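In: Output the structure for:
(one chain, ligands or ions: 1)
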Amino acid sequence: MKVMMPYPPKVVIEEQGLRDGLQSEKTPLPTAKKSELIDALVDAGVRRIQVASFVNPKRIPQMADADELCANLKQQPGVIYSALVLNTRGIERAAAAGLKHVSASISASDTHSRKNANAPLADARRQFADMIKIGKARGLTVSGGLQCVFGCRFEGAIDPEAVFDIVKEQLDQGIDEIVLADTTGMANPHSIQQICARVIELAGGTPVILHLHDTEGKGLANVLAALSLGVDHFDTTFGGIGGCPFIKGASGNIATEDLVWMLSQMGIETGIDVGKIAAISRKLESFFKKQFAGKMHRLLARDDIQVL
Ligand code: ZN
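Out: Residues are numbered from 1 along each chain as shown. Have a look, this model is predicted:
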């Protein structure tokens, strides 16, 4: 019997390994290697890539080459290259480097905002309004959004009403998309559905994107919960590279190849070649001399297991 579920027929995956993944790696990946990696991801079918973050290089040395990397991108038509910006200086740098799209994000948690963006939440909200103004004036499309929506390692639970309040504020300011980030991996399918359902309602036609971490092993379960609400855009990283900076050894984002694989088995299109992403992950594993937390890049390398 064929089980019909109301899932979206297509899903957009934004690959963020170069930003969310690399930012927690101490060994610098040379700029030329990052460019090669971006081209390889495009070749694998990825059509949205977050290539860097424009943050203080003293805080995140791996992102020190963001200006140079973005200015020299060979931007392919049909591919959205973006960067994360946390303040007005960041969005100015991104525009100057020739990006057409940025992801501007603030934290739903005041403590996380102070530690991650060096600003109390009230200041970050004010600065967000200025970021949007600059982005619009420079002709950029801007994803707005919130980190730690589903919980914070410092503050614990985050009040959903406070989240909805900031979402409304950002929508009023004219963001083009809204990204809800489970920065700490504390979401569960129930909280995903509760919060996403309301945000989808508030967003009207504005796309809602989920950025999920697999810290507690609930990443793909959370995707399924969101798919059932019609969410069709997720951020991932190759191999699941990355981690929560506040938890030593924590696993990272949901792995691109694991999500592509699950969706393809469900008959949901992504346009991404899972084998090519798996090969990229294995290459980067050997560069960083470590095992990434994802699953499929290892399984796809074994010819004794029939996966395709
Ligand atoms: Zn993240």
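In: Regarding the protein, what is its longest helix?
Out: As assigned by DSSP state H, the longest helix anywhere in the chain is helix 121-137.
In: Rounded mean pLDDT for that helix, please.
Out: Throughout helix 121-137, pLDDT has a mean value of 96.
In: for the very next helix or strand once past that helix, which positions count as buried?
Out: Next helix or strand after helix 121-137 toward the C-terminus (DSSP states H and E): strand 141-147. For strand 141-147, burial by neighbour count (16 or more other Cβ atoms under 10 Å) applies to 142-147. In this view, the C-beta of every residue, glycine as well, is placed from N, C-alpha and C.
In: again with stretch 101-117
Out: 101-110, 112-114, 116-117.
In: what separates it from the chain centre, distance-wise?
Out: In terms of Cα atoms, centre = their mean, to the nearest Å, the centre of stretch 101-117 is found 14 Å from the chain centre.
In: mind checking the end-to-end distance for that stretch?
Out: One end of stretch 101-117 sits 20 Å from the other (Cα to Cα, to the nearest Å).
In: One more: stretch 151-158?
Out: One end of stretch 151-158 sits 5 Å from the other (Cα to Cα).
In: Give me the contacts around that stretch.
Out: 107-112, 115, 148-150, 182-184, 186-187, 244, 246-247 (Cβ atoms under 8 Å, 6 or more residues apart in numbering).
In: ok, and the closest non-adjacent residue to residue 296?
Out: Counting by Cβ to Cβ, 6 or more residues apart in numbering, residue 296 lies nearest to residue 257, which is 4.2 Å off, once chain neighbours are set aside.
In: cool, residue 183 as well?
Out: Excluding its sequence neighbours, the residue lying closest to residue 183 (Cβ to Cβ, 6+ apart) is residue 147, at 4.4 Å.
In: Also residue 282?
Out: Spatial nearest neighbour of residue 282, chain neighbours left out: residue 297 (5.5 Å); criterion: Cβ to Cβ, 6+ apart.
In: any idea how far that neighbour is from residue 151?
Out: 28 Å (Cβ to Cβ, to the nearest Å).
In: what's the answer for residue 138, then?
Out: For residue 138, the distance to residue 151 - Cβ to Cβ - is 34 Å.
In: How about residue 34?
Out: Residue 34 sits 31 Å away from residue 151, going by Cβ to Cβ.
In: Please list all residues in contact with the residue nearest to residue 219 when sequence neighbours are not counted.
Out: Spatial nearest neighbour of residue 219, excluding adjacent residues (Cβ to Cβ, 6+ apart): residue 254 at 3.8 Å. For residue 254, the contacting residues are 212-214, 219-220, 223, 234, 236-237, 240, by Cβ under 8 Å, 6+ apart.
In: how close does residue 254 get to residue 17?
Out: For residue 254, the distance to residue 17 - Cβ to Cβ - is 11 Å.
In: Common neighbours of the two, please.
Out: Common contact partners of residue 254 and residue 17 (Cβ under 8 Å, 6+ apart): residue 237.
In: who's in contact with the least confident helix or strand in the chain by mean pLDDT?
Out: For the chain, using mean pLDDT, DSSP states H and E, the weakest element among its helices and strands is helix 110-116, scoring a mean of 91. Helix 110-116 has contacts (Cβ under 8 Å, 6+ apart) with 86, 106-107, 119-121, 124, 147-148, 152-155, 183.
In: out of the residues you listed, which is most surrounded?
Out: Within the contacts of helix 110-116, most neighbours by other Cβ atoms under 10 Å means residue 183, with 29 neighbours.
In: is it true that it touches residue 148?
Out: Yes: taking Cβ atoms under 8 Å as the definition, residue 183 is a contact partner of residue 148 at 4.8 Å.
In: what do those two both touch?
Out: By Cβ under 8 Å, 6+ apart, the residues touching both residue 183 and residue 148 are 107, 112.
In: list the contacts for the residue most central in space within the chain?
Out: Residue closest to the average C-alpha location in the chain (Cα atoms, centre = their mean): residue 235, at 3.8 Å. With contact taken as Cβ under 8 Å, 6+ apart, residue 235 is in contact with 13-14, 16, 20, 50, 179, 181, 209-212, 253.
In: From the residues you listed, pick the one nearest residue 261.
Out: Checking the contacts of residue 235 against residue 261 by Cβ to Cβ gives residue 13 as the nearest, at 11.6 Å.
In: Report all helices and strands that the strand or helix carrying the closest one contacts.
Out: Assigned by DSSP H and E, residue 13 belongs to strand 12-15. Here strand 12-15 is seen to pack against strand 48-54, strand 233-236, helix 256-265 when contacts are counted using 3 or more Cβ pairs under 8 Å, 6 or more residues apart in numbering; DSSP states H and E.
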